[in-house]
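J.: any chance you could fold what I've pasted below:
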Amino acid sequence: MLSLKDLSYLTALDELRHFGKAAAACYVSQPTLSGQLKKLEHQLGVTLIERGSKKVIFTHVGLEIAQRARAMVLQAQEMEELARASKTPLAGRLKLAIIPSLAPYLMAKTGSTVNMLLPELNIELHELETHELLRQLRSGNIDIGILVLPQPQPGLRSLSLWQEQLWLGVGHNHEWAQKTQVTRTELAGADLILLKEGHCLADQAQQLCQIKSQSQAFRGASLETLRYMVSAGNGATLVPQLSMEAWLSHGDDKIIYMPITEPKQAREIGFLARSGSAYWPCVEALHNAMASVLPDVSEGTQNVPLVL
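T.: Numbers count the residues shown, from 1 in each chain. Take a look at the predicted model:
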C-alpha cells in the first residue's frame with residue numbers, strides 16, 4: 001500500500017526540484033525525505049529520480065507518477081476538508097495567504113470585524129507573492145488566497161472583493177508636488193521607485209508607466225521601504241488605497257498623494273480557492289465581513305490587469 005505521506009514528498013520534490021527545499025516544505029529532514037523516496041521507488045519497482053546529478057532530474061515514469069501523486073494528495077486533502085467543513089464550516093484553522101502589498105493594511109482595516117463576525121475561525125496568516133501563493137494554493141499548503149485577481153486560473157475559483165484605487169505618492173520637492181492629480185498619459189515613461197520583481201504591484205506600475213523593468217535603478221522589498229525613500233525626496237511611487245490610508249492615519253505628512261485619472265486606476269482584489277474546496281463557505285463569510293468595512297471606489301475606475 002502506497003503512503004500518502006511519501007506521495008506528498010514526491011510532489012514537493014517535483015514542484016521545488018531541490019531536496020533541501022522539499023524537505024523544509026514537508027517539515028522533515030532531508031535524509032528522511034530522501035530515504036522515503038527510495039522506499040517508494042522500491043515499492044513501485046522503478047527509478048523515479050536520477051541520482052548522481054547536482055540537479056533534481058525526474059525520469060519519464062517519475063514525472064508521470066508525480067503528476068498522479070499530486071492528484072491523489074489533493075483529493076485526500078479535499079476529503080479531510082469536506083469532513084471538517086461539514087461539521088463546522090466556519091470554525092477551526094484556516095490557512096489564509098495574502099500578497100505582501102496588501103496583507104498588513106487589509107488585516108488592520110478588517111481584522112476586528114472578521115474576529116467579531118467569525119469568532120470561531122482561527123486564521124493562520126501567510127504573506128506570499130503572487131506566484132508562490134498560486135503554487136501553494138494548488139498544492140494544498142494554503143486554503144484560501146487574497147490577491148490581485150489574475151486572469152482565470154485552471155482549477156481555481158475566484159470571488160471579487162473590491163476595487164482598490166491606486167495613487168501616486170511624491171515627496172514635497174518632487175516636480176509634481178503642486179499637482180492635485182496625474183493622468184495616465186503623464187505617467188508614461190515616468191521614473192518610479194518600484195517593488196522588486198515578483199510583486200504584482202511592480203508589474204502593474206510597469207504597465208501604467210509603459211516602462212521596462214531593467215530601466216529602474218532601485219527596487220524595494222516592501223511598500224514601507226518605498227514609503228521612506230519617497231519621504232526622503234527620492235522620487236515617486238505607486239501607492240494602493242489601504243496603505244495610503246494607513247500611512248496618513250499615522251500622521252505621515254511627508255508624502256503628497258494624488259489620484260491617477262483618465263480614468264481612475266485600480267486593482268481588483270479578490271479571493272481564490274481550489275474549485276473543489278470545502279472552504280468556499282469561509283470565502284463567502286470572509287468576503288461579507290471584509291466588504292462591510294472596505295471603501296467603495298468602483299465607480300469610474302479602470303482595473304490595471306495582472307498578467308502572469
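J.: quick check, Arg93 in a helix?
T.: No. Per DSSP: H, G, I helix; E, B strand; the rest coil, Arg93 lies outside any helix segment and is strand.
J.: OK, contacts around the nearest residue to it once chain neighbours are set aside?
T.: Nearest non-adjacent residue to Arg93, counting by CB to CB, 6 or more residues apart in numbering: Asn122, 4.8 Å away. To be clear about C-beta, it is placed using only N, CA and C from the backbone, and glycine gets the same treatment. Taking CB atoms under 8 Å, 6 or more residues apart in numbering as the criterion, Asn122 is in contact with Ala91, Gly92, Arg93, Leu94.
J.: pull out the buried members of the residues you listed.
T.: Leu94 (16 or more other CB atoms under 10 Å).
J.: pick out whichever of the contacts of Asn122 sits closest to Ala273.
T.: The closest of those to Ala273 turns out to be Leu94 (CB to CB; 10.6 Å).
J.: any idea how far that closest one is from Leu137?
T.: As for Leu94, its distance to Leu137 is 13 Å (criterion: CB to CB, to the nearest Å).
J.: same question, Asn234
T.: For Asn234 relative to Leu137 (CB to CB), the value is 36 Å.
J.: who's more crowded, the two?
T.: Leu137 (24 against 15; other CB atoms under 10 Å).
J.: and the helix or strand that one falls within, what does it pack onto?
T.: In the assignment (DSSP states H and E), Leu137 maps to helix 130-139. With contacts taken as 3 or more CB pairs under 8 Å, 6 or more residues apart in numbering; DSSP states H and E, helix 130-139 sits against helix 4-16, strand 92-98, strand 144-148, strand 156-171, strand 264-274.
J.: would you mind finding the most buried of these?
T.: Of the helices and strands packed on helix 130-139, the one with the most neighbours on average (mean count of other CB atoms under 10 Å) is strand 144-148, at a mean of 24.
J.: show me where the protein has its strands.
T.: Using DSSP state E, the strands of the chain run over 49-50, 57-58, 92-98, 121-127, 144-148, 156-171, 182-183, 194-195, 219-220, 236-240, 255-261, 264-274, 301-303.
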